[in-house]
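# what follows is a protein structure lacking sequence information:
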Ligand SMILES: CC(C)(COP(=O)(O)OP(=O)(O)OC[C@H]1O[C@@H](n2cnc3c(N)ncnc32)[C@H](O)[C@@H]1OP(=O)(O)O)[C@@H](O)C(=O)NCCC(=O)NCCS
């Protein structure tokens with residue numbers, strides 16, 4: 001393990017480091033399978049874009065961004081981001097990308113989400129975590145449900161994908177709901 005911050009069963013989370021920008025992470029953002037349901041990926045990735053994201057998002061106090069690392073191989077396989085955190089309402093959106101496709105469907109997304117929820121509620125004392133997901137992104141929706149997220153609403157015709165508009169689902173989990181799951 002290198003610089004672990006939160007250690008789980010199959011993965012650990014550490015701070016995203018500047019050197020990660022030069023690794024596999026770069027090409028995840030050019031991979032149309034990975035970015036299919038994300039706002040990223042519409043334009044070719046550049047190191048300048050990534051450095052700007054690093055400066056303006058990773059290093060800013062209202063965001064916490066973790067690299068997701070496979071415990072067994074020590075390989076950086078994705079990122080998970082809390083933020084921008086609203087410190088008054090104690091609410092934050094969360095976003096996740098398992099960029100290494102070999103790790104899809106093996107519970108890594110769910111485990112990452114559970115570790116971040118525990119951190120958000122028990123370390124940062126947040127009250128609610130929210131997310132948006134394209135309605136037909138079944139793997140993501142299932143992973144979020146497994147981690148305890150519940151559907152709060154649906155925005156119609158919100159995301160343009162493969163020539164047509166899709167709905168976006170808004171899901172959330174409250175601190176009390178999370179605590180009653182882990183007790
Ligand atoms: C979405 C994502 C985070 C999910 O992480 P993951 O590690 O692949 O998901 P998990 O293995 O924890 O859970 C996925 C579940 O959906 C199931 N699943 C996978 N593909 C599916 C599909 N096409 N239809 C229905 N269920 C599917 C899996 O079998 C698993 O359920 P199970 O544990 O009951 O078998 C990950 O695939 C990813 O990062 N994708 C690219 C970026 C992205 O889309 N980010 C999210 C934007 S909202």
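Looks like it came in fine. Since the model is a prediction, treat every value here as computed from it, not as a measurement.

# residue boundaries of the strands in the protein?
Per DSSP state E, the chain carries strands over the ranges 6-7, 11-15, 64-70, 76-82, 91-98, 128-134, 150-161, 164-174.

# what would those strands look like in TSV with mean neighbour count and mean pLDDT?
Placement of C-beta: from N, CA and C, glycine included. What follows is the strands of the chain, written out as TSV (neighbours: other Cβ atoms under 10 Å; pLDDT from 0 to 100):
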stretch	mean neighbour count	mean pLDDT
strand 6-7	14	98
strand 11-15	20	98
strand 64-70	22	98
strand 76-82	22	98
strand 91-98	20	98
strand 128-134	19	98
strand 150-161	12	98
strand 164-174	17	98
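
# would you turn those into JSON lines with distance to the ligand?
Formatted as JSON lines, these follow (distance: least, Cβ to the nearest ligand atom, whole Å):
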{"stretch": "strand 6-7", "distance to the ligand": "17"}
{"stretch": "strand 11-15", "distance to the ligand": "10"}
{"stretch": "strand 64-70", "distance to the ligand": "9"}
{"stretch": "strand 76-82", "distance to the ligand": "6"}
{"stretch": "strand 91-98", "distance to the ligand": "4"}
{"stretch": "strand 128-134", "distance to the ligand": "4"}
{"stretch": "strand 150-161", "distance to the ligand": "10"}
{"stretch": "strand 164-174", "distance to the ligand": "9"}
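
# I'd like those laid out as CSV, including distance to residue 52.
CSV is the format used below for those (distance: least, Cβ to Cβ, whole Å):
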stretch, distance to residue 52
strand 6-7, 27
strand 11-15, 18
strand 64-70, 14
strand 76-82, 15
strand 91-98, 17
strand 128-134, 23
strand 150-161, 24
strand 164-174, 26
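
# closest one to residue 143 among those?
strand 91-98 (8.2 Å; Cβ to Cβ).

# could you tell me the angle between the closest one and strand 164-174?
Strand 91-98 runs at 120 degrees relative to strand 164-174, counting by axes from the mean of the first three to the mean of the last three Cα atoms, to 10 degrees.

# ok, residues contacting strand 91-98?
28, 34, 38, 68, 77-86, 104, 108-109, 112-113, 116, 120, 126-132 (Cβ atoms under 8 Å, 6 or more residues apart in numbering).

# burial count for residue 26?
Other residues near residue 26 come to 16 when the count uses other Cβ atoms under 10 Å.

# for it, give its distance to residue 50.
To residue 50, residue 26 is 7 Å away according to Cβ to Cβ, to the nearest Å.

# for residue 11, same thing?
Applying Cβ to Cβ, the value for residue 11 to residue 50 is 22 Å.

# how about residue 82?
Residue 82 is 19 Å from residue 50, by Cβ to Cβ.

# ok, now residue 135?
Counting by Cβ to Cβ - residue 135 and residue 50 are separated by 29 Å.

# check residue 90 too.
Relative to residue 50, and taking Cβ to Cβ, residue 90 is found at 30 Å.
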